[in-house]
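K.L.:
this one's structure only:
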């Protein structure tokens, strides 16, 4: 059988209000300070005033960060240019790198540091000096006319054809070199040699890269294909193990996600 028509009839009278009771003494515990923080480059005075618990160093440029030379590639954010990271003394590198300065500020303000460890398997190489001419992944002189160029360095294009389609087939070694997890292990050991392990006041947390599901766009000069679930699984195991090998007391966080657009 089936019901063809239903008639709703309002019930007379006012229903009683719901009963609510709160037991403030039940299951009480302190809120972890680790849930409070800022996403990198907090001003030191502000961090001190806020008694900032955690500060994260990350963002798109962290994916290709080379800790040895304190340089990275801006990706699609800025014409795929390899740029200096931070105001550093080149003669003392890797000591005094941008991330060293970040950790040292956190130590001065009593803030726990959270550093981004690259997973992509590439890092920038020092093809250029830390001044013009700036190196870039899609040079007009090599790959032809593009949709847009940097007006200050007009040989650096945005990696798009004039019709807006991606420029493909570039050579990733123009600006970058392949690395293994050992490269990041050496970085963490360099940090622990200066600041101690996490349990002794060094870097407390490491997260695994920044928005890997957008690598095929943001960092398509070295990773033009969309990342896969299998790739993320394998890279997570490899690089998380590298972190633990260098500092077993540090907490390892997963990738900083943009969405679930992986295949």
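P.N.:
Arrived safely. Treat the numbers as computed from the prediction; the structure is a model and nothing was measured. Residues are numbered from 1 along each chain as shown.
K.L.:
count of neighbours near the nearest residue to residue 46 once chain neighbours are set aside?
P.N.:
Of all residues not flanking residue 46 in the chain, residue 52 sits nearest, at 7.6 Å (C-beta to C-beta, 6 or more residues apart in numbering). The way it works is simple: take the backbone N, C-alpha and C, and place the C-beta from them, glycine included. A count of nearby residues for residue 52, using other C-beta atoms under 10 Å, gives 21.
K.L.:
what's the spacing between residue 52 and residue 224?
P.N.:
38 Å (C-beta to C-beta, to the nearest Å).
K.L.:
pull up the distance across stretch 145-160, start to finish.
P.N.:
From its first residue to its last, stretch 145-160 covers 9 Å (C-alpha to C-alpha, to the nearest Å).
K.L.:
pLDDT averaged over it - what is it?
P.N.:
Mean pLDDT, computed over stretch 145-160, is 96.
K.L.:
residues contacting the most centrally placed residue in the chain?
P.N.:
The chain has residue 210 as the residue nearest its centroid, 3.0 Å off, counting by C-alpha atoms, centre = their mean. The contact partners of residue 210, by C-beta atoms under 8 Å, 6 or more residues apart in numbering, come to 58-60, 62-63, 116, 255-256.
K.L.:
may I ask which of those residues has the most neighbours?
P.N.:
residue 63 leads the contacts of residue 210 on contacts (other C-beta under 10 Å) with 26 neighbours.
K.L.:
pretty sure that one sits against residue 120.
P.N.:
Yes - using C-beta atoms under 8 Å, residue 63 is in contact with residue 120, at 5.4 Å.
K.L.:
which residues do the two both contact?
P.N.:
209, 212, 215, 219.
K.L.:
state the distance from the first one to residue 92.
P.N.:
Think residue 209. 27 Å.
K.L.:
when those two are compared, which one has more neighbours?
P.N.:
Taking other C-beta under 10 Å, residue 209 and residue 92 do not tie; residue 209 has more neighbours (23 against 10).
K.L.:
look up the closest residue to the more buried one, ignoring the ones flanking it.
P.N.:
residue 119 (4.0 Å).
K.L.:
what's the burial count for that neighbour?
P.N.:
Residue 119: 25 neighbours (other C-beta under 10 Å).
K.L.:
buried residues in stretch 178-195?
P.N.:
Residues of stretch 178-195 classed as buried by neighbour count (16 or more other C-beta atoms under 10 Å): 179, 181, 183-188, 190-192, 195.
K.L.:
closest one to residue 47 out of the residues you listed, please.
P.N.:
residue 195 (16.9 Å; C-beta to C-beta).
K.L.:
report the contact partners of the closest one.
P.N.:
Listed by C-beta under 8 Å, 6+ apart, the contact set of residue 195 reads 103, 107, 201-203.
K.L.:
select from those the one having the most neighbours.
P.N.:
Of the contacts of residue 195, with other C-beta under 10 Å as the count, residue 203 tops at 25 neighbours.
K.L.:
so where does residue 49 fall, helix or strand?
P.N.:
helix 44-50 (DSSP states H and E).
K.L.:
you'd agree residue 37 is up against residue 114?
P.N.:
Yes - in this structure, residue 37 is within contact of residue 114 by C-beta under 8 Å, at 7.2 Å.
K.L.:
give me the common contacts of those two.
P.N.:
Common neighbours of residue 37 and residue 114 (C-beta under 8 Å, 6+ apart) are 54-56.
K.L.:
tabulate these (TSV), appending neighbour count, secondary structure and distance to residue 243.
P.N.:
Putting these into TSV (neighbours: other C-beta atoms under 10 Å; DSSP: H, G, I helix; E, B strand; the rest coil; distance: C-beta to C-beta, whole Å) gives the following:
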residue	neighbour count	secondary structure	distance to residue 243
54	18	strand	17
55	22	strand	18
56	23	strand	15
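K.L.:
quick check: mean pLDDT across stretch 125-136?
P.N.:
For stretch 125-136, the mean confidence score works out to 68.
K.L.:
any idea how far residue 111 is from residue 207?
P.N.:
16 Å.
K.L.:
now do residue 258
P.N.:
Applying C-beta to C-beta to residue 258 and residue 111 gives a distance of 25 Å.
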